[in-house]
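# The amino acid sequence is not available; the structure is as follows:
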């Protein structure tokens with residue numbers, strides 16, 4: 001079905017020149033909402049108007065209301081456009097900005113207009129539209145027969161990164177996309193336009209486009225993106241890398257339509273050069289804010305983030321999402337944190353200097369992309385002016401690793417300060433941007449505007465004295481401009497150089513050459529001063545952009561110093577310890593605490609616990625009642641390891657961490673209804689991913705494996721999974737379970753050992769009390785009914801549950817425990833234990849339990865009895 005716009009184009013009714021101009025531009029950008037500048041408004045028409053009216057909740061009106069074919073219209077004021085664009089982009093729309101390219105007052109005929117920029121989710125640069133602590137990546141993906149390439153650009157900071165790999169590394173792509181969380185993805189199609197079958201981004205919410213490109217075209221695009229680089233630079237790139245970067249460049253050039261001089265050259269990195277964290281681990285450990293916990297501050301990032309700058313917050317996120325795996329690199333960071341911890345004065349001074357530094361990365365991008373205002377340049381210079389003080393303070397206190405990252409730009413900051421006024425307006429067109437004394441002509445023009453009344457008064461007095469005409473007055477109005485007015489009775493005394501301009505009943509109005517010259521100066525002074533200020537301001541901008549790389553270097557240095565100082569502040573306030581990080585297999589934590597949970601408890605209420613894993617004790621089975629603290633213990637261990645490898649001090653009395661390459665978690669139960677997956681399916685998929693991808697250097701956190709299905713199925717799976725981990729992977733593991741039968745594995749396999757969460761009883765009531773303390777050995781029972789009692793279930797329900805439990809324990813549980821003990825006594829070390837958990841006795845019992853005695857005929861009963869007898873004889 002044709003849209004209203006297409007119908008109007010195909011009809012006989014002629015469009016006005018303005019509407020034809022709109023239609024032409026809309027046809028060039030059919031997939032975008034076109035914001036069409038008309039004077040002080042950005043207008044939308046036809047279907048765009050209807051859509052924008054609905055999405056932005058603004059009035060839908062019409063152009064040409066009285067005509068037979070009114071055009072739907074919705075508009076917003078130009079001065080508030082950023083907020084409306086932000087709302088549209090956040091909803092996933094692409095927005096094309098159409099500007100007037102000439103002054104309407106000077107235009108001959110229709111004002112020239114064109115699309116100057118297209119804003120897509122992955123190309124947003126306005127800081128007001130972005131989360132200051134998060135990156136906003138645009139990512140391209142290309143895949144061949146044996147290799148792939150992933151390229152990403154962060155337009156708001158100028159970062160460009162690229163990674164390649166073979167098919168063995170392709171399994172890490174979903175984790176990498178989880179880390180980057182791109183807002184927009186461009187996928188390379190083949191020469192016929194077909195998209196690849198492998199799609200590693202199904203788990204994230206991103207706008208996805210498909211493009212094809214040839215190698216020559218890719219080189220051309222990259223040459224346009226980096227005009228200062230010789231095209232030969234890109235000819236040597238591998239074909240997939242060239243194409244991935246090519247479609248990225250094509251998208252950036254098409255949407256931005258201006259110089260992108262702030263973009264860095266692509267920086268290579270390797271997928272496996274840091275700890276890998278998958279989507280499940282990020283969610284289970286609650287590392288980053290998301291839809292569930294954004295507003296309560298309950299994530300590790302929220303607790304650790306004491307940064308003073310937006311750049312520091314973004315870097316901290318990067319560090320947490322990709323902890324280090326090389327002990328030397330970790331310890332280098334820890335050295336810097338420790339230096340601050342041991343020098344409270346330096347820490348305080350550094351954080352005070354960092355406070356108030358604006359987002360240099362995103363300000364620089366605004367400047368480069370042409371959306372800058374005078375205050376942006378001033379804020380950039382003020383931030384850079386802190387660099388010498390930061391560098392001096394850090395050098396004086398032996399933080400040379402941090403100090404060496406800075407590059408002083410005193411010449412630039414002093415230049416900006418000398419050119420711009422102290423108090424700046426928000427817009428260049430408001431005037432008063434350039435400091436007095438910078439330009440003599442500008443000073444004169446400002447004098448005309450500022451001192452006009454004084455000049456006119458002086459001129460009036462001089463003319464009155466020269467002519468002797470006491471009624472002579474100098475005046476002005478919007479119609480005639482400046483003029484000399486003489487009363488009727490003295491008009492005949494007007495000098496010869498007075499030129500009559502207007503005759504009134506009360507007198508005559510004149511102009512002189514001197515007054516006319518002054519009039520011209522005043523009437524053009526504002527326009528001229530604006531033009532001169534613009535020219536000077538552009539010189540300042542050019543000077544700033546000449547220092548792009550040095551500014552980016554300082555932004556990085558400020559961010560890194562901010563993160564290190566933030567981690568030191570956190571450690572000092574919360575009595576964290578420096579972990580010993582090495583390449584061994586030990587994970588030993590003494591007095592470990594959960595960094596997030598303890599923040600929500602009163603001081604001293606959190607119960608610390610120890611962890612000790614090594615080459616002899618690798619897999620811990622943890623039993624104990626619900627609500628006793630098993631899950632907290634599991635999570636805090638993973639978080640402490642992650643914090644240590646990030647370069648942070650950790651919430652413990654002491655810690656030794658043998659670096660891990662990945663942290664895997666299977667914690668909690670939640671249906672993934674959006675993907676059509678049940679709790680048990682999600683559990684098994686996560687377990688499958690762990691068994692496929694974990695190594696001997698991984699840390700596995702597994703909580704209640706198998707609980708999403710029947711008891712026997714769940715126990716069998718949990719048993720087999722733990723056995724595989726112990727015998728095949730040899731990975732350090734914390735395995736919490738309600739299957740007490742698994743505790744027998746301690747006697748069967750070396751490396752497996754038991755821990756339990758201790759409980760006590762209230763001396764007055766006799767009720768169970770959670771002690772939250774981890775101890776050696778297994779729990780004596782599950783305490784499920786005791787927990788239900790604490791939860792307030794009716795006494796009758798509790799009593800009945802105890803009766804049922806007694807009967808069940810006499811049958812199923814006793815059978816299982818006898819079987820497990822029997823095979824444990826055999827001591828078959830390091831081999832899978834062949835247990836007959838489902839004995840014929842149990843099968844017979846289950847068959848009897850399945851009989852519905854209320855719905856059975858006598859003949860059916862005899863047949864069933866015969867089958868039961870046969871089963872019994874088979875034993």
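Everything's here; your move. Here the structure is a predicted model, which means the values were calculated and not measured.

# Strands along the stretch 501-650 of the chain, start to end?
Across the stretch 501-650 of the chain, reading from the start of the chain, the strands by DSSP state E, counting those that start in this stretch fall at 507-511, 580-582, 587-592, 609-613, 617-623.

# Tell me how far the residue nearest to residue 483 when sequence neighbours are not counted lies from residue 494.
Leaving aside its sequence neighbours, residue 483 sits nearest to residue 509 (Cβ to Cβ, 6 or more residues apart in numbering; 4.5 Å). C-beta here means a position set from N, CA and C on the backbone, and glycine is covered the same way. When distances are taken as Cβ to Cβ, to the nearest Å, residue 509 and residue 494 turn out to be 10 Å apart.

# returning to what we had before: number of residues surrounding the residue nearest to residue 483?
19 (other Cβ atoms under 10 Å).

# Same check on residue 80?
Neighbourhood size, residue 80 [other Cβ under 10 Å]: 10.

# OK, contacts around the residue nearest in space to the middle of the chain?
Residue closest to the mean C-alpha point of the chain, counted by Cα atoms, centre = their mean, is residue 134 at 3.1 Å. If you count contacts by Cβ atoms under 8 Å, 6 or more residues apart in numbering, residue 134 has them with 181, 314, 317.

# now residue 109
If you count contacts by Cβ under 8 Å, 6+ apart, then residue 109 has residue 17 around it.

# pLDDT value on it, please?
The predicted local distance difference test score for residue 109 is 86.

# Any stretches of this protein with poor pLDDT?
Applying pLDDT under 70 to the chain flags the ranges 1-13, 66, 191-193, 291-296, 668-678, 760-768, 770, 780-783, 808-875.

# returning to what we had before: most neighbours per residue, which of the strands of the stretch 501-650 of the chain?
Highest mean neighbour count among the strands of the stretch 501-650 of the chain (mean count of other Cβ atoms under 10 Å): strand 617-623, with a mean of 23.

# contacting residues around that one?
Applying Cβ under 8 Å, 6+ apart, the contact partners of strand 617-623 are 585, 613, 630, 633-634, 722, 725-726, 730-738, 740, 742-743, 745-746, 749, 751-757, 774, 778-779, 782.

# Partner strands of that strand and their direction?
In its sheet, strand 617-623 lies beside strand 732-736 (parallel), strand 751-761 (parallel), with partners assigned from DSSP bridges.

# residues near residue 64, how many?
Residues within reach of residue 64, counting by other Cβ under 10 Å, total 12.

# tell me the contacts of it?
Taking Cβ under 8 Å, 6+ apart, one finds 70-71 in contact with residue 64.

# Could you do residue 400 as well?
Residues touching residue 400, when contacts are defined by Cβ under 8 Å, 6+ apart, comprise residue 394.

# Quick check: phi and psi at it.
phi -60, psi -30 (degrees, to the nearest 10).

# Can you show me the helices along the stretch 151-300 of the chain?
Secondary structure of the stretch 151-300 of the chain, counting by DSSP state H, counting those that start in this stretch: helices at 173-180, 215-225, 232-235, 239-256, 279-284, 300-304.

# export those helices to TSV and tack on distance to residue 490 and mean neighbour count?
Listed next are those as TSV, based on distance: least, Cβ to Cβ, whole Å; neighbours: other Cβ atoms under 10 Å:
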stretch	distance to residue 490	mean neighbour count
helix 173-180	83	21
helix 215-225	72	19
helix 232-235	81	14
helix 239-256	67	22
helix 279-284	90	21
helix 300-304	82	20
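
# closest to residue 124 out of those?
Each of the helices of the stretch 151-300 of the chain has some distance to residue 124 by Cβ to Cβ; the shortest is helix 239-256, at 10.4 Å.

# what about stretch 421-432, how long is it end to end?
With Cα to Cα, to the nearest Å as the measure, stretch 421-432 spans 7 Å from end to end.

# nope, stretch 143-156 is what I meant
With Cα to Cα applied, stretch 143-156 spans 27 Å between its terminal residues.

# Check stretch 536-554 too.
26 Å.

# for stretch 165-175, same thing?
Separation of the first and last residues of stretch 165-175 by Cα to Cα is 14 Å.

# Let me have the strands of the stretch 501-650 of the chain in CSV, adding distance to residue 570 as columns.
Supplementary listing: these in CSV, determined by distance: least, Cβ to Cβ, whole Å:
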stretch, distance to residue 570
strand 507-511, 75
strand 580-582, 17
strand 587-592, 16
strand 609-613, 21
strand 617-623, 28
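
# Which of those sits closest to residue 194?
strand 617-623 (46.4 Å).

# relative orientation of that closest one and strand 587-592 in degrees?
40 degrees (axes from the mean of the first three to the mean of the last three Cα atoms, to 10 degrees).

# chain center to strand 617-623, what's the gap?
36 Å (Cα atoms, centre = their mean, to the nearest Å).

# And stretch 769-782, how far out from the chain middle?
For stretch 769-782, the separation from the chain centroid amounts to 40 Å (computed by Cα atoms, centre = their mean).

# which residues sit against it?
Contacts made with stretch 769-782 from outside it, assessed by Cβ under 8 Å, 6+ apart, are listed as 607, 609-610, 621-625, 627-629, 632-633, 738, 740, 743, 746, 753-762.

# again with stretch 326-333
Taking Cβ under 8 Å, 6+ apart as the criterion, the residues outside stretch 326-333 that touch it are 324, 401, 564, 581-583, 644-647, 659.
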